[in-house]
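Undergrad: show me the folded form of this:
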Amino acid sequence: MADGAARPGGDALTRRDVRTLFLASLGGALEFYDFVVFVFFTAVIAKVFFPPDMPEWLALAQTWGLFAAGYLARPLGGFVMAHFGDLVGRKRMFVLSVFLMAVPTLLIGLMPTYATLGYAAPLLLLVFRILQGAAIGGEAPGAWVFVAEHVPPGRVGLACGMLTGGLTLGILLGSLMALLINSVFEPATVADWAWRLPFLIGGAFGLVAMYLRRFLEETPVFEAMRRRAELARGLPLARVLSGHRRAVVLSILASWMLTAAIVVLILQAPTLLAKLHPELAPAMPLASVAATFALTLSAVGVGWALDRFGQPAVMAVAAAGLIAAAFMLFGATAGSPGLLAPLYALAGLAVGAVSIVPTMMVRAFPAEVRFSGVSFAYNSAYAVFGAATPPLTVYLASLDPLGPAWYVAAATLVGAAAVIVAGRARL
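TA: Numbering: from 1, shown residues only. Here you go, the predicted model:
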């Protein structure tokens, strides 16, 4: 097992390993669904949580500000949960992150709107979004560490790939839910009450996921450290910054590639492409679903390939594919709506390269500070690059339709170099 003695059976996954990976991936999918489903209903939320006489652009801008508040809370939530994850155990924080996500999501579905509470309604929504952001800041790093420490060394890539596929599945579930709600209900009904359904369903399933995670066992790596009295002393993050700066820098640079691929090609591309080429707009919803579905499958496949062929070889091939797919998506779809779905699905397959990043990060830090190291690097990268990427790519697209692709290419080259340099340092 990771960071421990070789176990009987070598690198073969046991039934317990499979159950752990399944429950962890399921919980991650539901938690990311809870976090992103907000974005699919921003237009409705802008109408029901702000004054009816407020200009539409202003209400929509403030709604996006509420969504962004979740990202701003990620580093703090990640720091706190990683700190206690390294001191008291991975499992406790793993369960807590689902709870912190499920309860606010459920409350959003139940809370009164502006018509009842006035300006207290958007302020309360802001509080719930901050809680969700804090939860997501600890979920992904904690989940990657949790599954990596449960499987044998030769299956760490597959474990991180399955977990990453679970997280992207949450984005897919959110987009499918939005399509379903908007197909079944009239716009007036959605604005009246049906917008609540995705939040109520997500919150309820999140509580179920929290209950199921109670049956997971603490990671063998953490238990071994507990027995040997090797748990981190003092502030784990201080040890990370003082003794593992090289790993932090390489992990942040690799995470830039992850944020660029996800934010630009999965989250932003539908809006960017529709603005650049209005003829693509009608085909965009289904093309986006195809891309996210392809990404979910590819994330698992890339994880499997990492265990078989190693980080440098997989990264070299994946980087070339990601750069090529970005230029094809932004360059070849102009005036060709029929090419959008297959090219976007191809881009989704290429974005599966992001599974390389968590695999590299969990190998880069020693077990006693692993949660803090991964969380700090990942959330720092998202705080900086996640916030800067959307406005920057919009500006680049205004200069050149291929501007977003050039940005993805730059981030990919830097991230690939970081991954190859890191090699197979640990685990």
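Undergrad: which stretches of the stretch 101-250 of the chain have low pLDDT?
TA: 215, 218-234 (pLDDT under 70).
Undergrad: any chance you could map the strands in it?
TA: Ranges of strands within the stretch 101-250 of the chain: none, based on DSSP state E, counting those that start in this stretch.
Undergrad: of all residues in the protein, which one is nearest the centre?
TA: Centrality entry for the chain: nearest residue to the mean C-alpha point is Leu167, 5.6 Å, by Cα atoms, centre = their mean.
Undergrad: contacting residues for it?
TA: 28-29, 32, 140, 143 (Cβ atoms under 8 Å, 6 or more residues apart in numbering). Using the backbone N, CA and C atoms, a C-beta is placed for each residue, glycine as well.
Undergrad: what is the neighbour count of Met177?
TA: 19 (other Cβ atoms under 10 Å).
Undergrad: show me the two of the contacts of Leu167 that sit farthest apart.
TA: Pairwise distances across the contacts of Leu167 peak at 11.8 Å for Ala29 and Ala140 (criterion: Cβ to Cβ).
Undergrad: for the helix or strand hosting Leu346, buried residues please.
TA: Here Leu346, judged by DSSP states H and E, is contained in helix 337-351. With burial defined by 16 or more other Cβ atoms under 10 Å, the residues of helix 337-351 counted as buried are 339-341, 343-351.
Undergrad: could you do stretch 112-128 as well?
TA: Going by 16+ other Cβ under 10 Å, stretch 112-128 has these buried residues: 113-114, 121-122, 124-126, 128.
Undergrad: quick one, helices of the stretch 1-150 of the chain?
TA: Using DSSP state H, counting those that start in this stretch, the helices of the stretch 1-150 of the chain run over 15-36, 42-48, 56-72, 74-87, 90-110, 114-117, 120-148.
Undergrad: to Ile266, which of these lies closest?
TA: helix 15-36 (10.4 Å).
Undergrad: which other helices and strands contact that closest one?
TA: helix 90-110, helix 120-148, helix 156-184, helix 196-213 (3 or more Cβ pairs under 8 Å, 6 or more residues apart in numbering; DSSP states H and E).
Undergrad: can I get the ones you listed in JSON lines with distance to Met257?
TA: Formatted as JSON lines, the helices and strands packed on helix 15-36 follow (distance: least, Cβ to Cβ, whole Å):
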{"stretch": "helix 90-110", "distance to Met257": "24"}
{"stretch": "helix 120-148", "distance to Met257": "15"}
{"stretch": "helix 156-184", "distance to Met257": "13"}
{"stretch": "helix 196-213", "distance to Met257": "29"}
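Undergrad: those helices: which one's closest to Leu280?
TA: helix 156-184 (16.6 Å).
Undergrad: between the closest one and helix 196-213, how big is the angle?
TA: Put simply, helix 156-184 runs at 150 degrees to helix 196-213, going by axes from the mean of the first three to the mean of the last three Cα atoms, to 10 degrees.
Undergrad: which residues sit in contact with the residue sitting furthest away from the middle of the chain?
TA: Most distant from the centre of the chain: Asp53, at 35.7 Å, with distances by Cα atoms, centre = their mean. For Asp53, the contact set (Cβ under 8 Å, 6+ apart) is empty.
Undergrad: need the per-residue pLDDT for it.
TA: As predicted, Asp53 sits at a pLDDT of 88.
Undergrad: list phi and psi for it.
TA: phi -90, psi 0 (degrees, to the nearest 10).
Undergrad: which one of the helices and strands packed on helix 15-36 lies nearest to Ala383?
TA: Comparing the helices and strands packed on helix 15-36 by Cβ to Cβ, helix 120-148 comes nearest, at 9.3 Å.
Undergrad: quick one: work out the angle between that closest one and helix 15-36.
TA: 160 degrees.
Undergrad: next, the angle from the helix or strand where Ala410 lies to helix 337-351.
TA: Assigned by DSSP H and E, Ala410 belongs to helix 403-422. With the same axes, to 10 degrees defining the directions, helix 403-422 sits at 20 degrees from helix 337-351.
Undergrad: domains of the protein?
TA: 9-231, 233-427 (automatic domain parsing).
Undergrad: which among the helices of the stretch 1-150 of the chain is found nearest to Ser251?
TA: helix 120-148 (10.3 Å).
Undergrad: same for that closest one, what does it pack against?
TA: Using 3+ Cβ pairs under 8 Å, 6+ apart, helix 120-148 sits against helix 15-36, helix 56-72, helix 74-87, helix 90-110, helix 114-117, helix 156-184, helix 356-364, helix 370-381.
Undergrad: give me the contacts around the third one.
TA: Residues lying outside helix 74-87 but in contact with it, judged by Cβ under 8 Å, 6+ apart, are 92-94, 96-97, 100, 133-138, 141-142, 145, 231-232, 235-237, 368-372, 374-376, 378-380, 382-383.
Undergrad: in it, what counts as buried?
TA: 74-87.
Undergrad: one step back: would TSV of the buried residues of helix 337-351 with pLDDT and distance to Phe41 be doable?
TA: Formatted as TSV, the buried residues of helix 337-351 follow (pLDDT from 0 to 100; distance: Cβ to Cβ, whole Å):
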residue	pLDDT	distance to Phe41
Leu339	89	29
Leu340	91	24
Ala341	91	24
Leu343	94	27
Tyr344	95	22
Ala345	96	25
Leu346	96	29
Ala347	96	25
Gly348	96	23
Leu349	96	28
Ala350	97	29
Val351	96	24
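Undergrad: max pairwise distance over those residues: which two?
TA: Farthest pair in the buried residues of helix 337-351, by Cβ to Cβ: Leu339 and Val351, 17.9 Å.
Undergrad: picking that back up, what about the helix holding Ala410, average pLDDT?
TA: 95.
Undergrad: buried ones in it, by neighbour count?
TA: So for helix 403-422, counting by 16+ other Cβ under 10 Å, buried means 403-409, 411-412, 415-420, 422.
Undergrad: ok, stretch 245-255 next?
TA: Neighbour-count burial for stretch 245-255 [16+ other Cβ under 10 Å]: 247-248, 250-255.
Undergrad: next: stretch 44-59.
TA: 44-50, 59.
Undergrad: stretch 204-217 now?
TA: Applying 16+ other Cβ under 10 Å to stretch 204-217 flags 205-207, 209-210, 212-213, 216 as buried.
Undergrad: show me the contact partners of it.
TA: With Cβ under 8 Å, 6+ apart, stretch 204-217 has contacts from 16, 20, 23-24, 26-27, 30-31, 33-34, 91, 94-95, 98-99, 101-103, 105-106, 146.
Undergrad: cool, and stretch 270-280?
TA: Residues contacting stretch 270-280 (Cβ under 8 Å, 6+ apart): 264, 281, 284-285, 287-288, 329-330, 333-335, 337, 340, 393-394, 397, 401, 404.
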